[in-house]
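S.K.: the following block contains a protein sequence and its predicted model.
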Amino acid sequence: MKHKWHRKSGQAMVEYIIIVVIVAIAALVIFGLFGDTIRSKLGGAVEELGGDTQGADNGSSLEYLRDLDGGGSSR
């Protein structure tokens, strides 16, 4: 009876590994497709939060963020 329990436990572990692999592949595909957009949005946010003077010539941080949202880049 114990032998069958170990077998089911092994099957469950393999199923979890397969699920993790599928999620990892999906994450890589999503980051591959949207990586440039994510990088530009985060870059603009880091510049704004860092107190960089480049974003200050747009007027206000609200206008700067609207520019980021509209075109993906403030430049």
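M.R.: It's in.

S.K.: what about this protein, any weak spots by pLDDT?
M.R.: 1-9, 51-59, 69-75 (pLDDT under 70).

S.K.: show me where it has its helices.
M.R.: 2-49, 61-71 (DSSP state H).

S.K.: so which elements touch the longest one?
M.R.: In other words, helix 2-49. helix 61-71 (3 or more C-beta pairs under 8 Å, 6 or more residues apart in numbering; DSSP states H and E). For glycine as for every other residue, the C-beta is placed from the backbone atoms N, C-alpha and C.

S.K.: how about residue 45: what's its closest non-neighbour residue?
M.R.: residue 68 (7.6 Å; C-beta to C-beta, 6 or more residues apart in numbering).

S.K.: put together a markdown table for the helices of the chain, with mean neighbour count on each row.
M.R.: As requested, these are exported to a markdown table (neighbours: other C-beta atoms under 10 Å):
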| stretch | mean neighbour count |
| --- | --- |
| helix 2-49 | 11 |
| helix 61-71 | 14 |
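
S.K.: how close does residue 28 get to residue 13?
M.R.: Look at residue 28 and residue 13: by C-beta to C-beta, to the nearest Å, they are 23 Å apart.

S.K.: ok, back up a step: the residue nearest to residue 45 and residue 37 touch, don't they?
M.R.: No - at 10.6 Å, residue 68 does not count as touching residue 37 under the criterion of C-beta atoms under 8 Å.

S.K.: what separates the residue nearest to residue 45 from residue 39, distance-wise?
M.R.: Relative to residue 39, and taking C-beta to C-beta, residue 68 is found at 12 Å.
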